[in-house]
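Trainee: Below are the sequence and a predicted model; questions follow.
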2 protein chains.
Amino acid sequence: MSIDILQEKIRMYKNPTVVGLDPTPDLVPQYLFEEAKMAAGLGPEAAALAYENFCKGILDSLKDLVPAVKVQTACFFGLGGAGISAMQRVMAYAKELGYYVILDCMRGDMPETAEVLARGVFGTVEICGESFSPYACDAVTLNGYLGGDSIRPFLPYCRTGDKSIFVLVKTSNRSSVEVQDLLSGGRVVHTAMADLVNRWGADCKGKNGYSQVAAVVGATYPEVIKSLREKYDRMFFLVPGYGAQGGSGKSVQYAFDRFGHGAAVCASRSILGAWQRGKSDGRDFKERAREAAERMFRNIEKYCMIM
Amino acid sequence: MSIDILQEKIRMYKNPTVVGLDPTPDLVPQYLFEEAKMAAGLGPEAAALAYENFCKGILDSLKDLVPAVKVQTACFFGLGGAGISAMQRVMAYAKELGYYVILDCMRGDMPETAEVLARGVFGTVEICGESFSPYACDAVTLNGYLGGDSIRPFLPYCRTGDKSIFVLVKTSNRSSVEVQDLLSGGRVVHTAMADLVNRWGADCKGKNGYSQVAAVVGATYPEVIKSLREKYDRMFFLVPGYGAQGGSGKSVQYAFDRFGHGAAVCASRSILGAWQRGKSDGRDFKERAREAAERMFRNIEKYCMIM
């Protein structure tokens, strides 16, 4: 099962972290753009190549330390088709190096569209006797605002065991309160969403009882993490918002079960942009990213002992 | 203002419809794939070229009848970078022909990512002294589950007048009740979302008082359309779910104000797949699409007289 593979990797590395690959023009060192221009000329192709080389450098640097990566579609989408092609290569490279790969696409679609998306990201698109699988990924992030029939097209892939989905329950941003914390009959909307996630994933469980239908719960709301963990002892949590957004080892401590399983904590800018903290021109971005990932690891380890 | 341009076009054509370009392997006639293979060889490039030619054919066929199109990212994304490149060309072609172009991306992102996405779809991505604007669009669809700070990065583009956003309020699928109809202190979640949409768009209004921050409300819930229209007489509604999903001219009648303004109704499969209803091999897909779009127009016209 995909969720077991993630948990195995976490146990093997003794490190429940996920690095977010969210390249932006300011996070990628200038010299990589210059090099990419020499190789690919002007235009979005060069920018996409710089993103690709930056992400591959991060992947090389963290490969024996970090078990999983999350790839941010929006960043690559901003460069058009050239960006998405670069993202495909980054994902394939991450799989090759042994990472568990999460495609962060944050979509919530109409059932017919969700069907198309599920096939595109998890299955194979069959056209004229040919079939393509463009994205080498183990999981995607989804938005459940449209309800069950927008999620159901992804479930067959979770049931067969190969894939997982991470549904947004309580996001780490400030404004998440505006919709997700609306009170509704004794519970709040994000609790109702967690109940749905639990129901959708009832028949997609891995060997430790954790479901392949998992929840996204922000590191910036430790009390929500705690109460959701109390209510759902076998729901896997992807916990973004560590680092730049304010989450810490302490704030994510309740995400884990008593064996240190059941959650993965995600950081992006604090790792990718670690080189910017000194007077570096970015040529040391790999080393700085590794140091930042090691700091994150040690910080979380204080509160979560993985057995 | 972008929303005025849409309303002008609707008035000029006397037709408040939007055609959804959601190409899938079964909606695109086989002969287009064969032709694309001859031109582009095997692989996703050929499939993407077939999608492109199909969409361009639809655009040619409806150009003096339909004022706006909505392009479904997920369908093109399923073919990887080649698909997204084809989508960029389809969007550019639609703009060239004078359509109002909506990019259906259905995203709801963290503020930092929303910033990146807003720049990618509405602004220009600046890298190393170069700038790109990959997507020729007037508007995007967004999911507001993350609240205001996920929407705010798009607002400057709405305020300057060039762009609009369509935020999911009540979607046309069955399961939309599961989250969107949860009761919360005398209102339901989708009403709360409409209230937020209204607030976000307060300072982005066009000349008739309609805001550039608009709502998506499904054709399959006529009573919701009616009550939202009663509450918000100047909120623009994008109404999907006409045709294949069950919406009709009658069910969308309350979306409009008394001048027939304030809404656009969207259909996709019933137009794109109209050629499949007979014994056609699809070579007549343009004519069949036009007939279907004309039927839709006449059906809506019965209930909505545009002045």
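Mentor: All right, it came through fine.

Trainee: What's the separation between residue A:282 and chain B?
Mentor: 13 Å (CB to the nearest CB, to the nearest Å). (Each C-beta comes from the backbone N, C-alpha and C, glycine too.)

Trainee: what about the residue of the stretch 151-300 of chain A found nearest chain B, neighbour count?
Mentor: The stretch 151-300 of chain A approaches chain B most closely through residue A:175 (3.0 Å), counting by CB to the nearest CB. Residues near residue A:175, counting by other CB atoms under 10 Å in any protein chain shown, number 18.

Trainee: That one reaches residue B:153, doesn't it?
Mentor: No - contact criterion CB atoms under 8 Å: residue A:175 and residue B:153 do not qualify, at 11.7 Å.

Trainee: where do the contact lists of the two overlap?
Mentor: Residues touching both residue A:175 and residue B:153 (CB atoms under 8 Å, 6 or more residues apart in numbering or on different chains) are residue B:111.

Trainee: right, and residue A:43 touches residue B:128 too?
Mentor: No - Residue A:43 is beyond contact range of residue B:128, at 10.8 Å (criterion: CB under 8 Å).

Trainee: who's in contact with residue A:205?
Mentor: Shown in contact with residue A:205 (CB under 8 Å, 6+ apart): A:1, A:211-212, A:234.

Trainee: between those residues, which has the most around it?
Mentor: Going by other CB under 10 Å, residue A:212 tops the contacts of residue A:205 with 30 neighbours.

Trainee: by contact count, what packs against whatever helix or strand residue A:115 lives in?
Mentor: Element membership of residue A:115, judged by DSSP states H and E, is helix A:111-121. If contacts are counted by 3 or more CB pairs under 8 Å, 6 or more residues apart in numbering or on different chains; DSSP states H and E, helix A:111-121 sits against strand A:100-107, helix A:148-151, helix B:73-77.

Trainee: can you list contacts of that helix?
Mentor: Contacts of helix A:111-121 (CB under 8 Å, 6+ apart): A:103, A:105, A:107, A:109, A:125, A:134-135, A:137, A:140, A:149-154, A:157, B:22, B:24, B:72, B:74-75, B:77-79, B:106, B:173, B:175, B:269.

Trainee: Which positions within the lengthiest helix in chain A qualify as buried?
Mentor: Counting residues, the longest helix found in chain A (DSSP state H) is helix A:44-62. Using 16 or more other CB atoms under 10 Å in any protein chain shown as the test for burial, helix A:44-62 gives A:44-59, A:61-62.

Trainee: pLDDT score assigned to residue A:276?
Mentor: Turning to residue A:276, the model gives it a pLDDT of 96.

Trainee: ok, now residue A:13?
Mentor: Note for residue A:13: predicted pLDDT of 94.

Trainee: burial measure for it, as a count.
Mentor: The burial count for residue A:13: 16, using other CB under 10 Å.

Trainee: From residue A:303, how far out is it?
Mentor: Relative to residue A:303, residue A:13 is positioned 17 Å away (CB to CB, to the nearest Å).

Trainee: just residue A:158 next, same as before
Mentor: 29 Å.

Trainee: which of the two has more neighbours?
Mentor: residue A:158 (26 against 16).

Trainee: Quick check: the gap between that one and residue A:229.
Mentor: To residue A:229, residue A:158 is 21 Å away according to CB to CB.

Trainee: Can you read off the backbone torsions of the residue nearest to residue A:133 when sequence neighbours are not counted?
Mentor: Spatially, and ignoring its direct neighbours in sequence, residue A:133 is nearest to residue A:124 (5.0 Å; CB to CB, 6 or more residues apart in numbering or on different chains). For residue A:124, the backbone dihedrals (degrees, to the nearest 10) come out as phi -130, psi 140.

Trainee: where do the strands sit along chain A?
Mentor: For chain A, applying DSSP state E gives strands covering A:17-21, A:68-72, A:100-107, A:125-127, A:130-132, A:139-142, A:164-170, A:183-184, A:187-188, A:213-217, A:237-240, A:263-267.

Trainee: hmm, who's touching the fourth one?
Mentor: Strand A:125-127 is contacted from outside by A:119, A:131-134, B:25, B:33, B:44, B:46-47, B:50, B:78-79, using CB under 8 Å, 6+ apart.

Trainee: again, only using 10 Å
Mentor: Contact partners of strand A:125-127, identified using CB atoms under 10 Å, 6 or more residues apart in numbering or on different chains, comprise A:116, A:119, A:131-134, B:24-26, B:28, B:30, B:33, B:36-37, B:43-44, B:46-48, B:50-51, B:75, B:78-80, B:83.
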